[in-house]
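Peer 1: would you be able to build a 3D model of this:
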Amino acid sequence: MTLDAPIYSLGGTTRTTHKRTNRSRPSPCSSPISSPMQTAPYPPVFLKRSPSVGLRQRRRDSSEIPLVDVGVQAGNGHLDHLLEDDLSTPELLEPPSLPPAKIDWEIPRKALHSSIGFLVLPLYFSRPDIAPIISTLTYGLIFVTAADVLRLNIPPFARLYEKLLGAFMRESEKKGINGVIWYLVGVIFALRFYPRDIAVVSILVLSWCDTAASTVGRAWGRYTPKLPRSLLFIPISPRKSLAGTLGAIVTGSLITFSFWGWAVTPDSIPNETPAWQWARGGWLGLGALSLCSGLAAGITEALDIGGLDDNLTLPIISGGLIWGISRLIAAVL
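Peer 2: I've put the predicted structure just below:
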């Protein structure tokens, strides 16, 4: 490149002008392929930014972005647009945590519930005095009721109570009255006001029919329709299924048939007349009594009487119905 510097004089002022002359220099982007643009007086020059310049610019831009600690290792920048919201980032980058496994204590509760039935059988065959048993159960009822009052009114005691015995309580019982209270009230009522054999059968119905209804209902209740809200003006619980009620009916019929047909014989209890006697009805009377007792147990288990617990209604209502049915069959046959 050469510079020619002619001098011009304008009004006494001397000005020097420079004339730029381009020498032929190979263009960095020149191509041996001819192009119409080469005929221009100044051929176009295509400049390419150095990679280092873009790298420095990107580093300078990224340094101005505030970093958000999301608890994960740094990536390659593909998720930078997701780091603006630190509340949603962990949900996108971290795997969801699974809820803790919940232990189902229904089977242990029902096993304890059913075991009472095996303990009550000696009440009939060994002929113990009922009065001391009622007194012992009454003291137990007072103790359990006092503990329940403390549980419902003193939070530290409630936490200790549920830590020790909460596995045997339903969720509904943790905010209300313990079901053991209703269980004891029903058993005490049956022992106090019913004949010995009726009391034993009503407690067996309480122990085994309730367990059968719950077990069968949980297993096959979804395959059968729910019971109507009322049956012949009798209020029915909306939580009961047809499968569970049928399980209670079959179990109640088997209890009645086995107890009076096999366990109770004319000379099994001397000097004591059972509520139902084989000589008065025979097989026909026993079959009718078993069927009616099963229906009484199933209907009573499905009742919804003001939200009363079935641990209370089962022994009292079913025991009364079985006693009345046995007297009716004995009178007819």
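Peer 1: can you give me the helices for the stretch 151-300 of the chain?
Peer 2: 155-165, 179-193, 196-204, 210-220, 242-258, 278-302 (DSSP state H, counting those that start in this stretch).
Peer 1: quick one: those as TSV, columns for mean neighbour count, distance to Ala331 and mean pLDDT too.
Peer 2: C-beta here means a position set from N, CA and C on the backbone, and glycine is covered the same way. Output for these, formatted as TSV (neighbours: other Cβ atoms under 10 Å; distance: least, Cβ to Cβ, whole Å; pLDDT from 0 to 100):
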stretch	mean neighbour count	distance to Ala331	mean pLDDT
helix 155-165	12	47	89
helix 179-193	20	21	94
helix 196-204	25	16	93
helix 210-220	20	30	90
helix 242-258	22	18	95
helix 278-302	20	9	89
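Peer 1: right, and those helices - which one's nearest Leu231?
Peer 2: helix 278-302 (7.5 Å; Cβ to Cβ).
Peer 1: how near is the residue lying closest to Pro128 once chain neighbours are set aside to Ile203?
Peer 2: Excluding its sequence neighbours, the residue lying closest to Pro128 (Cβ to Cβ, 6 or more residues apart in numbering) is Pro122, at 7.4 Å. Taking Cβ to Cβ, to the nearest Å as the criterion, Pro122 is separated from Ile203 by 12 Å.
Peer 1: about what we covered before: for Lys226, find the nearest of the helices of the stretch 151-300 of the chain.
Peer 2: helix 242-258 (7.2 Å).
Peer 1: show me what that closest one packs onto, helices and strands only.
Peer 2: When contacts are defined as 3 or more Cβ pairs under 8 Å, 6 or more residues apart in numbering; DSSP states H and E, helix 242-258 sits against helix 196-204, helix 210-220, helix 278-302.
Peer 1: one more time with 6 Å
Peer 2: helix 210-220, helix 278-302 (3 or more Cβ pairs under 6 Å, 6 or more residues apart in numbering; DSSP states H and E).
Peer 1: may I have the shortest one as CSV, with CA atoms only?
Peer 2: I take that to be helix 210-220. The C-alpha trace of helix 210-220 is given here as CSV (Å, rounded to 0.1, in the frame of the first residue of the first chain):
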residue,chain,number,x,y,z
ASP,A,210,-67.7,-59.2,62.7
THR,A,211,-64.4,-60.7,61.7
ALA,A,212,-66.0,-62.7,58.8
ALA,A,213,-67.9,-59.7,57.5
SER,A,214,-64.8,-57.5,57.5
THR,A,215,-62.5,-60.2,55.9
VAL,A,216,-65.0,-61.2,53.2
GLY,A,217,-66.0,-57.6,52.5
ARG,A,218,-62.4,-56.5,52.1
ALA,A,219,-61.6,-59.4,49.8
TRP,A,220,-64.7,-59.6,47.6
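Peer 1: what's the angle between that helix and helix 179-193?
Peer 2: Here helix 210-220 points in a direction 140 degrees away from that of helix 179-193 (axes from the mean of the first three to the mean of the last three Cα atoms, to 10 degrees).
Peer 1: now do helix 210-220 and helix 278-302, the angle between them.
Peer 2: 50 degrees.
Peer 1: residues in contact with helix 210-220?
Peer 2: Applying Cβ atoms under 6 Å, 6 or more residues apart in numbering, the external contacts of helix 210-220 come out as 110, 113-114, 241, 243-244, 247-248, 251, 301.
Peer 1: closest one to Thr138 among the helices of the stretch 151-300 of the chain?
Peer 2: Here helix 179-193 is closest among the helices of the stretch 151-300 of the chain (Cβ to Cβ), at 6.3 Å.
Peer 1: format the helices and strands packed on helix 242-258 as CSV; extra columns: distance to Leu184.
Peer 2: Formatted as CSV, the helices and strands packed on helix 242-258 follow (distance: least, Cβ to Cβ, whole Å):
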stretch, distance to Leu184
helix 210-220, 15
helix 278-302, 18
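Peer 1: which strands or helices does the helix or strand where Leu328 lies pack on?
Peer 2: Assessed by DSSP states H and E, Leu328 sits inside helix 319-332. If contacts are counted by 3+ Cβ pairs under 6 Å, 6+ apart, helix 319-332 sits against helix 196-204, helix 278-302.
Peer 1: alpha carbons only: can I get the shortest one in CSV?
Peer 2: As requested, the backbone C-alpha atoms of helix 196-204 are provided in CSV (Å, rounded to 0.1, in the frame of the first residue of the first chain):
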residue,chain,number,x,y,z
ARG,A,196,-75.9,-68.6,79.6
ASP,A,197,-76.2,-70.3,76.2
ILE,A,198,-77.7,-67.2,74.6
ALA,A,199,-74.9,-65.1,76.1
VAL,A,200,-72.2,-67.4,74.8
VAL,A,201,-73.7,-67.5,71.3
SER,A,202,-74.1,-63.7,71.2
ILE,A,203,-70.4,-63.2,72.2
LEU,A,204,-69.4,-65.8,69.5
